[in-house]
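> Could you work out the structure for the sequence below:
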Amino acid sequence: MLHWGAFVPRADPRDFKIHSEFGVGVDWPMSVDDLRPYYIELERFLGVSGPAFYSWDPERRYPLPPVPLNAPAELMQRGFRAVGLRTSEAPVAAVSSDYQQEGYETRHACVNRGYCHQGCRNGAKASMDVTYLPAAAKAGAEIRPECFVHNFELNDQGRVSAVIYRHRDENIRQRCKAVFLCGGAVETPRLLLHCNDRHNEGLANSSGQVGRNFMAHVATQVWGTFAQETRPNKGFPASLISEDMIRPVKADFVGGYLTQSLGIVPVTWSMQVARGRGLWGKPLVDYLQQYNHVAGIGINGDCLPDERNFLELSDEADAMGMNKVRVHFSYGENELRMSRHAEDLMTAAWKAAGATDIWTFQRSAHIIGTCRMGEDPNTNVVDATGRSFDIPNLWICDNSLFPSALPANPALTIMALSLRIADIFLHDAERR
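This is a model prediction of the structure:
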């Protein structure tokens, strides 16, 4: 995981029980208490920088002070203060001071280059190449690059006995006692659906839920132009956060969203302007001249599972001979109402901050769901420990597990779930 934003808020406790609170969606088979120790462990291991006081969780403590606010963050802070909303320096997995990384070496402090999504040249951002991969290799793990798993072998007891993967032009059979599938909410169900069992329904799919409940965060953005220079490529892109809308008052939708400041690099900005404003040719070039004076605010909003949103295999094969996926996804009424609410709020904040030429960019973010965890094997793919109901030595550890989207960016919760699943697996292995 090199190309990620390293924006790492924890999930709000209420969002694990959205069905209990609102009567829609699905509750998680656990509470935030089950993940809190892993959140704390991750924040220490990754070197998360954050505020000394976090308004929405006063007991929370981060291992490092916050990264500096960039210009878009300062403007968002001004606008939100004007409309009566709280903000805070954001929790980000980038070190604000030199940090001795466990199992690696010193990671040097963020120098505010701003190209965080594209990778971090000095190791300040906690991507896997400076955190878990070196630690895994030091602990004895063998990392096999350029390998693509495309099949499983099952024995007579219904357990996975071998994984088949392609390395260059060779198929290799790897015997195994346990398999952890961590391909994400597209590749995990794709592989399971590709590997048909005797019922031709896909592996680990007696529930019929593999590929179902496809979700994506509501990620509406609002952009404005300011008289002052903003230089939106400078500094950590999302250095300010607000969780005041996790449960907005008198909302016409269930759940909520968090809000963050947005910096952006020129090529990404150009693509968004072309798509979002429909500009091309000279009008596009002329508008892009405003780049050094723009700033954005965006949301990460919950998304409810819906039986109409799912992933299936298409008839088109890739270079490996595996069928590509076809995704069916659109917002329901709840997501549309949430987006409208957020657009009105962010527009008001930008007007209060002095922005002109304000416009909205509609988008979604983060693929979630498709191998849901839960207590009932008839409606879920795996249990609360990530273990398949159908195949006793198969575990899933990625964002496909999520029963609901949660407004928080998913990376920290994915990692927390993985650590919890690993702990339970190791504990059970010791007892065996």
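
> For the residue nearest to Ala405 when sequence neighbours are not counted, which residues are in contact?
Ranked by Cβ to Cβ, 6 or more residues apart in numbering and with sequence neighbours excluded, the top spatial neighbour of Ala405 is Cys303, at 4.0 Å. (Each C-beta comes from the backbone N, C-alpha and C, glycine too.) For Cys303, the contact set (Cβ atoms under 8 Å, 6 or more residues apart in numbering) comprises 215-218, 331, 335, 368, 404-405.

> out of those residues, what pair is the most spread apart?
Pairwise distances among these were taken by Cβ to Cβ; the largest, 14.9 Å, belongs to Tyr331 and Ser404.

> where does Leu191 land on pLDDT?
At Leu191, the pLDDT value in this model is 96.

> these two touch, right, it and Val163?
No: with contact defined as Cβ atoms under 8 Å, Leu191 does not count as touching Val163 (10.2 Å).

> overlap in contacts of the two?
Val149.

> Which of the three states applies to the spatially closest residue to His3 that is not a sequence neighbour?
Closest residue in space to His3, ignoring its immediate chain neighbours: His117 at 5.9 Å, by Cβ to Cβ, 6+ apart. Secondary structure, DSSP: H, G, I helix; E, B strand; the rest coil: His117 is helix.

> Please tell me how far His117 sits from Ala94.
12 Å (Cβ to Cβ, to the nearest Å).

> Compare the two (neighbour count), which wins?
Using other Cβ atoms under 10 Å as the criterion, His117 and Ala94 rank with Ala94 on top: 28 against 18.

> Who is that one paired with across the strands?
The partner list for Ala94 in beta bridges (DSSP bridges) reads Lys125.

> Report the contact partners of it.
6, 47, 49, 67, 110, 116, 120, 124-126, 236.

> now swap in Arg121 and tell me
Arg113.

> Surely it is within a strand?
No: counting by three-state DSSP, Arg121 falls outside a strand, being coil.

> Just say helix, strand or coil for the residue nearest to Ala405.
Here Cys303 is recorded as coil under three-state DSSP.

> Give me the phi and psi for it.
Main-chain dihedrals, Cys303, degrees, to the nearest 10: phi -140, psi 130.

> Please read off the pLDDT at it from the model.
For Cys303, the model assigns a pLDDT of 97.

> What ranges does the stretch 201-350 of the chain have for its helices?
Counting by DSSP state H, counting those that start in this stretch, the stretch 201-350 of the chain has helices at residues 266-277, 282-288, 333-353.

> Nearest to Phe22, out of the ones you listed?
That would be helix 333-353 among those, by Cβ to Cβ, at 9.4 Å.
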